[in-house]
Every structure is written in C-alpha cells, then in structure tokens.
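Trainee: I would like the atomic coordinates for the input below:
(one chain, ligands or ions: 2)
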Amino acid sequence: MKIAILTSGGDAPGMNAAIRSVVKCAIYNGMEVFGVKHGYKGLIEQELFKLNSLDVENIAEMGGTILKTARCIEFTNEEGRKKALSTLEKFGIDGVIVIGGDGSFKGAKKLCDLGISTVGLPGTIDNDLNYTDYCIGFDTTLNTVLGCIKNIKDTDSSHEKTTIVEVMGRYCGDLALYSALAGGGEIISTPENKLSFDDICEKLGKSIQNGKKDNIIIVTERMYDIDDLQKYIECKLHINIRSTVLGFIQRGGNPSAFDRVLAFKMGVKAVKLLMNGFSNKAVGIRNNKIIYVNFDEVNSENNNRQKDYDLLNMFF
Ligand code: ADP
Ligand code: F6P
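Mentor: Ligands and ions are numbered 1, 2, ... in the order given. You can find the predicted model right below:
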C-alpha cells in the first residue's frame, strides 16, 4: 500500500511528531510513504517525494512542519481537485493522511468523495474541533501563552498595572479559557462567553477595589479592537493599563511532551485505519481514548466547554 501525508492550514507544534509517527508506523507495516509539500497546493503541483525512516529522525521535538503548509484556494474548486486526483493516480497513492484543522478536513472529505481513502489528524493550536478533547498543538501553545503571561505578570505586579492580553484561537475561546483555568488571568472574554466593555470594566473595578491592582484580562482574537477596549477602560475607571497581542509567537516552539505523545498515538491510529480499509475518518481523543468519527461529524462550532466556564465563574 502507498500512502501520502500532508500538513495543511495553520502549522501547529506536534505536526512533525505526527509525521514521524505515520512514517515509522507505515514503514513498519510494509507500506510506502510519500510526503506532500505545501498541503493541497503540493497535491495540485505534484510536490510529492518518498519519505524514509531516516527522514523523520529527530523531528518529533521540532515545531512547525517539515512538509511546509499552505492555504490553497485552488483546491476548493473542482478543477483544482481534479488536478490533485490525477497527481495521486500518477503516483499510485492508495490513501492520504491530512494533518490540519476544520478547513483541511473539509478538503479531506472532498478527497474521499473523489474515491481516495482519507484520514485526518487534528492539528491546530485553536483546539476548535468539536469531536475531540484535544488537537495536536493546543497544549504547546497553551504553555507558550502561560509563559508569556507570567512574564507580563512580573512587570504588571511591579507597577501594579493591568494588561489586556489578546490570544489566538480564531473563533474558539479554548486558549483563553484554559489559560485562565491555569491561573493566567482574572477576567476572560471569548466568543463563547463574550463580555461587553462595561462587563469588563465592572469586573476589573471590583478586582481593584478588592485590593488586586495587577490584573490580566485575556481576550480571544477577532472579538474587539483592543486599543478601543484599552481606551474605554482607562476612561471609565480613570486608570492607565497596558495591552499586548501575543501574535505568532504562540504558533511556534517545540511541542510539549503531551502534544508529542498525542501526535504519536494519533499517527499510529491513522495508519491502522487506512491499513484496515477505513476512509472518511477524523482521529481524535475523548476521555483519554483515541477515537475516530466521520468527517461529516466534524465542525468548529460547538466545543461544549460550558462546564469549564462554570468552574471559572466560581473563582472570579
Ligand atoms: P485549517 O485547516 O487550519 O482550518 P483552513 O481553513 O485555511 O485551515 O483550510 C486549509 C485548506 O483546506 C484551505 O486552504 C483549502 O485548501 C482547504 N479547504 C478548506 N475548506 C475547503 C472546502 N470547503 N473544500 C475543499 N477544500 C477546502
Ligand atoms: O488556525 C491557527 C491560527 O493561528 C489562528 O489562531 C489564527 O486566527 C490564524 O491561524 C492566523 O492565520 P494566518 O496564518 O493565515 O495569519
């Protein structure tokens, strides 16, 4: 059996560990593996090359993806996908493993519809996929965010100042929520639990009144203009505060042990699914068990974290 592996969408720490796992497991089981560069663009442009065991030595600890990644508009139309299909036929590929997020899985489903056995591994720092408790990359990014917040806290506490910290997540609040659960912030606003400017002022005002002069307000990206939020708080509470957008520093870095182990287990599962004739499956983890669902069941809309928000509300 010949399989191909690609990474697509935003890179996430742990993608390399997943590539290593897939390549080693596939070769162990007598398969041939081809790496595809630049995600779906590489399928269209025939950027396939054979991967051997030695090619994936010492990559589990590296951030980013050795296969490179891309967002590819051409693959979203039929014409582009036909080109991808003819590349797969030309190389005699029987199955494809796609590592990426929600968008990449939509693409993977389209490959299934064209008759190519396809399995997806969730690789996104946003953790925005409904069917899995964790995506590869989330834990690493969460730790990076907490490290940055810790540094901000050192200076905030010295100056008795408050900082608004904007974190990534696209339209999902998990990075902000888990940062707060881990003790990284006092006030959070996420797409799932959005606070108005006045709500934030009220919570901050109370915290300051209670004697806590340095506070971290964590907000998910794309929700507000954080300069406007900063000015609003400063005017309403008559204080000076700071704001920081963490940006791409969150997406890089060596994957955590958790992400590496998760990637390893999911990679093995993906290969076994293809070996056993399965297709149209997204691999995930639920209640500490590796699971898989059909691509149709995957969306990025409902992560169902209400219980976690309730826990947080007990504290703040
Ligand atoms: P992510 O996988 O991180 O969510 P994107 O949403 O950017 O990232 O999707 C990655 C790529 O997946 C897109 O650039 C495109 O090539 C492919 N893709 C996304 N949506 C579709 C779709 N509806 N049909 C086919 N391909 C898609
Ligand atoms: O999906 C990962 C992510 O880093 C999001 O958190 C962020 O909104 C987006 O990608 C940024 O995308 P780009 O790399 O295209 O700027």
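
Trainee: Run through the residues of this protein sitting next to ligand 2.
Mentor: With the criterion set to C-beta under 6 Å from any ligand atom, the chain comes near ligand 2 through Gly10, Gly101, Thr124, Ile125, Asp126, Met168, Gly169, Arg170, Glu221, Arg251. Just so you know, the C-beta spots here come from the backbone N, C-alpha and C atoms, and that holds for glycine as well.

Trainee: pretty sure Lys50 belongs to a strand, no?
Mentor: Yes - using DSSP: H, G, I helix; E, B strand; the rest coil, the assignment for Lys50 is a strand.

Trainee: pretty sure it is touching Val36, no?
Mentor: No - when contacts are counted by C-beta atoms under 8 Å, Lys50 is not listed as touching Val36 (11.4 Å).

Trainee: Same drill for those two, tell me which one is more crowded.
Mentor: Neighbour count, other C-beta atoms under 10 Å: between Lys50 and Val36, Val36 has more, with 31 against 11.

Trainee: Now do the same contact list for Gly184.
Mentor: Taking C-beta atoms under 8 Å, 6 or more residues apart in numbering, we find Gly184 in contact with Val145, Leu146, Ile149, Lys150, Ile216, Ile218.

Trainee: Kindly provide the distance from it to ligand 1.
Mentor: With the distance defined as C-beta to the nearest ligand atom, to the nearest Å, Gly184 ends up 24 Å from ligand 1.

Trainee: burial of the spatially closest residue to Gly30 that is not a sequence neighbour, as a residue count?
Mentor: Leaving out its chain neighbours, the residue that sits closest to Gly30 by C-beta to C-beta, 6 or more residues apart in numbering is Met1, at 7.8 Å. Met1 sits with 16 neighbouring residues when counted by other C-beta under 10 Å.

Trainee: What confidence value was assigned to Met1?
Mentor: pLDDT, Met1: 96.

Trainee: Once you drop chain neighbours, what's closest to Phe105?
Mentor: Gly120 (4.8 Å).

Trainee: ok, now Arg20?
Mentor: Val56 (4.1 Å).

Trainee: Run through the residues that contact that neighbour.
Mentor: Taking C-beta under 8 Å, 6+ apart, one finds Asn16, Ile19, Arg20, Val23, Lys24, Ile66 in contact with Val56.
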